[in-house]
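how would this look folded up:
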Amino acid sequence: MTLAKRGSHGLTCPRSLLNSIIELPSFARTIQALPAQSFAALVRKVGIEDAGELVALATTEQLVQMFDEDLFVSDRAGERESLNVERFVVWLEVLFEAGDEVAANRIAELDEDFVAHALGGVLLVLEEDALRNRLDDGDEDEARMVDKLLESALTEDIDGYILIAKQHDGWDAVFALVLALDQNHRALLVRLLSRLARVGSACLDDLEKLSTVLSEGESLAEDAEAAREERRSKQGYVEARAARAFLSLARKPPADDSRPTESDPLTRAYFRDVERGRPRTNLHAAVQSLPAAALQELYKVDSSGVSSVLTDTIHQSTTVDVFTKALRNLGRDEPVLFGNRMEELAYLANVLVAGYDRDGTRLRPREATDAVIATVCYGALLELRASQPKVQRKIRPTASKFAEVLQRRSVDLLFRVASSALASGAVPGVPSAAKAGLLYSSEELETAIR
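Below is the predicted model:
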């Protein structure tokens, strides 16, 4: 099978990078020991079409993580992410480089809702007997037209089903998968074809029933997307529509002109789902076992998640310096509370990455982190000023004062305090803040507090 080169996420590394990894004495163990996010970053850096050797060794968790990140896209931040069928075909072709049986085994490990949804993007499945009966009982001219269309389409018969290509691109790979599943995972294939035939059955009725196809197809998509969202929420990702809803809520002024005292339902739901304190034993060692060249390339991208950016952001602003010192002091004096606050900062950064765009462009993790810290810092300043006599409100706070705010107020609440104040137009020196409900940088923060 010929693999057509297609666009890839990220930049392709020199072949020497991939070779340096393949030449490791413990190549297989090293790859399989990588955290799923680091594996995904490595594949993106190598380029999906060139990563067949890596994908063949991937664990199921690593493969699922890669699919979750690469196959679901949206046109804009904050909108529903849907399956990109063309990307699925690329991945399928990469899997087939390791052989038909390997490809079938890897697909069989995945969530069945996802597999059905992905196949349904390329195939229309009809029961052969039901189709023939419908054509025999229907209008003669209509039957002739359907037969003619079937003759010109890419079709295959298997086990009483007719498989019809919805698109030519990807047909070879998808039908090869059907045959490989028939050989190695017969029960799974029977279930998949039965599900897809139920979706396709509405095409056998009149046009009014066509809406059933759309609704049942949407059901497959929703099942697959819901499973993905559940997996990603446990890893700390924020669903795009939930992120957009949180940002909209944060910009609204409080109903009774008072500051929020508890986290909103979206944030509470996020922290109920996320796996807090996941064990990370040996994950750092697994990453560090990669060759130096691979590490150098990996750390140019966000290989370990948004939260890692929080620990090495360099700021020049005096106010932010004081705020970050307060965070460090909190880590020394109250490590549990510090861990909670860092998780909240990471959550907000993920919210901006998933649900916000600046002039049509999504924020990179570094930009999102800078915006979160500047905005939260402004919220902490507002909290301090509200508790001080009017004459002292322009005095710059100390790290200990910031720490007191962080001890009693969660970071998401401070973000909401700042966002609602900024969206109200209270900072004329930073016009972008009114529209965004946030400050993009420490420089904007300094302008806002003058």
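
How is the chain partitioned into domains?
Domain ranges of the chain: 71-229, 305-448, per automatic domain parsing.

Turn those domains into a markdown table, including mean neighbour count and distance to Ile22.
For the C-beta atoms, the positions are set from N, CA and C on the backbone; glycine is no exception. Putting the domains of the chain into a markdown table (neighbours: other C-beta atoms under 10 Å; distance: least, C-beta to C-beta, whole Å) gives the following:
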| stretch | mean neighbour count | distance to Ile22 |
| --- | --- | --- |
| domain 71-229 | 17 | 14 |
| domain 305-448 | 19 | 26 |
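
now those domains in CSV, with distance to Val55?
Written out in CSV, the entries for the domains of the chain read as follows (distance: least, C-beta to C-beta, whole Å):
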stretch, distance to Val55
domain 71-229, 6
domain 305-448, 21
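
so Ala56 makes contact with Ala98?
Yes. Ala56 sits in contact with Ala98 when judged by C-beta atoms under 8 Å, with a separation of 4.0 Å.

Setting the sequence-adjacent residues aside, check what's closest to Phe96.
Ranked by C-beta to C-beta, 6 or more residues apart in numbering and with sequence neighbours excluded, the top spatial neighbour of Phe96 is Ala103, at 4.7 Å.

picking up where we left off before, find residues that contact each of Ala56 and Ala98.
Shared contacts of Ala56 and Ala98 (C-beta atoms under 8 Å, 6 or more residues apart in numbering): none.

sec struct for the residue nearest to Phe96, please.
helix (DSSP: H, G, I helix; E, B strand; the rest coil).

residues in contact with it?
Leu92, Leu95, Phe96, Ala176, Leu177, Ala180.

Over to His185?
By C-beta under 8 Å, 6+ apart, His185 lies in contact with Ala104, Asn105, Ala108.

Glu127 pairs with what?
Here Glu127 sits in beta bridges with Tyr161, as judged by DSSP bridges.

Give me the pLDDT for it.
Confidence per residue is given as pLDDT, and for Glu127 that number is 86.

before we move on, what about Leu188?
According to the model, Leu188 carries a pLDDT of 95.

mind checking how far it is from Leu42?
From Leu188 across to Leu42, the span is 29 Å (C-beta to C-beta, to the nearest Å).

Next: Arg364.
As it turns out, when the distance is counted by C-beta to C-beta, Arg364 lies 19 Å from Leu42.

Just the CA coordinates for the strand or helix carrying Arg366, please, in CSV.
Assigning secondary structure by DSSP states H and E places Arg366 in helix 365-386. Output in CSV follows, covering the C-alpha atoms of helix 365-386 (Å, rounded to 0.1, in the frame of the first residue of the first chain):
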residue,chain,number,x,y,z
PRO,A,365,0.3,27.4,25.9
ARG,A,366,3.0,29.9,26.8
GLU,A,367,0.8,32.8,25.8
ALA,A,368,-2.2,31.3,27.7
THR,A,369,0.0,30.9,30.9
ASP,A,370,1.2,34.5,30.7
ALA,A,371,-2.4,35.8,30.4
VAL,A,372,-3.6,33.6,33.3
ILE,A,373,-0.9,34.8,35.6
ALA,A,374,-1.3,38.4,34.7
THR,A,375,-5.1,38.2,35.1
VAL,A,376,-5.1,36.3,38.3
CYS,A,377,-2.5,38.7,39.7
TYR,A,378,-4.8,41.6,38.9
GLY,A,379,-7.7,39.7,40.6
ALA,A,380,-5.5,39.3,43.7
LEU,A,381,-4.8,43.0,43.7
LEU,A,382,-8.5,43.9,43.5
GLU,A,383,-9.1,41.6,46.5
LEU,A,384,-6.3,43.3,48.5
ARG,A,385,-7.5,46.8,47.6
ALA,A,386,-11.1,46.0,48.6
